[in-house]
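Student: Sequence first, predicted coordinates after that:
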Amino acid sequence: MLAAAAGVLAAFGSFLVLAVLIGASGIAVVGMPLDLAPRDWHRLATVIALGAALVSLLAYLFGGYVAARLGGRDGLQHGLRVFSLAVLVLGLLGLLALSMAGPVSVGSGLRQPGLEATPGQGIRFGDVATKAAIWSLIAMLLGSLAGGALGSRAHRRRHRTEAARGPSSGSTPSP
């Protein structure tokens, strides 16, 4: 379980760093367009959701890899543990935020007309967040399982190399 916790922490940290880097580079390259047509706002929402899913995939690939390298055998199981623990922690953080803000203010805040990208465009923050959350959950699962498999493979390869070397080539204990 300690390996899964380390994997989740690695994934959370990786997610933050990657999200800032990709978000900042996207704004630097594209700028902050505010005069878009309605169809362009929907494309922008899809790009944001895809970006969140890509960042989640990469972050949880690393988290699953870390857990499998630390945990040893059965990388898929470690990857699944990373995903499960992350969903549990994120769910608890969401419930904490909900209890602090109150269910009425959160639900109504996502559907306020003032939070639309541009009045009359028909896109809301809640729509983008829902799409990003669903795609990110799928990416989290795939990334953590793939990272677990890669970490387990690297772990096995390292142990085979050490076993092939034998006890004489490693460091010997001093008398």
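Tutor: All right, it came through fine.
Student: Give the buried residues for the strand or helix carrying His42.
Tutor: Here His42 sits within helix 38-71, counting by DSSP states H and E. By 16 or more other CB atoms under 10 Å, the buried positions in helix 38-71 come out as 41-42, 44-45, 48-49, 51-71. Bear in mind the C-beta positions are built from the backbone N, C-alpha and C, glycine included.
Student: which strands and helices sit next to the biggest helix by length in the chain?
Tutor: Once the chain is assigned using DSSP state H, the helix that runs over the most residues is helix 125-165. Using 3 or more CB pairs under 8 Å, 6 or more residues apart in numbering; DSSP states H and E, the elements in contact with helix 125-165 are helix 2-30, helix 38-71, helix 75-101, helix 103-110.
Student: Which one of those lies nearest to Ala129?
Tutor: Proximity of those to Ala129 was assessed by CB to CB; the nearest stretch is helix 103-110, lying at 7.2 Å.
Student: which ones are touching Leu57?
Tutor: If you count contacts by CB atoms under 8 Å, 6 or more residues apart in numbering, Leu57 has them with Ala139, Met140, Leu142, Gly143.
Student: Compare those and tell me which has the most neighbours.
Tutor: The most neighbours of any of the contacts of Leu57, using other CB atoms under 10 Å, belong to Gly143, which has 28 neighbours.
Student: Nearest spatial neighbour of it, chain-adjacent residues omitted?
Tutor: Tyr60 (3.4 Å; CB to CB, 6 or more residues apart in numbering).
Student: how far away is the residue nearest the centre of the chain from Met1?
Tutor: Residue closest to the average C-alpha location in the chain (CA atoms, centre = their mean): Ser56, at 2.7 Å. As judged by CB to CB, to the nearest Å, Ser56 and Met1 stand 22 Å apart.
Student: so where's the protein shaky on pLDDT?
Tutor: Segments of the chain classed as low confidence (criterion: pLDDT under 70) are 32-38, 102-125, 155, 159-160, 162-163, 166-175.
Student: One more pass at 80, please.
Tutor: Counting by pLDDT under 80, the low-confidence segments of the chain come to 26-45, 72-73, 101-128, 154-175.
Student: check contacts around Leu137.
Tutor: Listed by CB under 8 Å, 6+ apart, the contact set of Leu137 reads Ser56, Val87.
Student: typed the wrong thing, it's Gly79
Tutor: When contacts are counted by CB under 8 Å, 6+ apart, Gly79 is found next to Gly7, Gly64, Ala67, Ala68, Ser144, Leu145, Ala146, Gly147, Gly148, Ala149, Gly151.
Student: Distance of the second one relative to Asp127?
Tutor: Right, the one you point to is Gly64. When distance is defined by CB to CB, Gly64 is 30 Å away from Asp127.
Student: ok, back up a step: closest one of the contacts of Leu57 to Ser99?
Tutor: Checking the contacts of Leu57 against Ser99 with CB to CB, the nearest one is Met140 at 23.8 Å.
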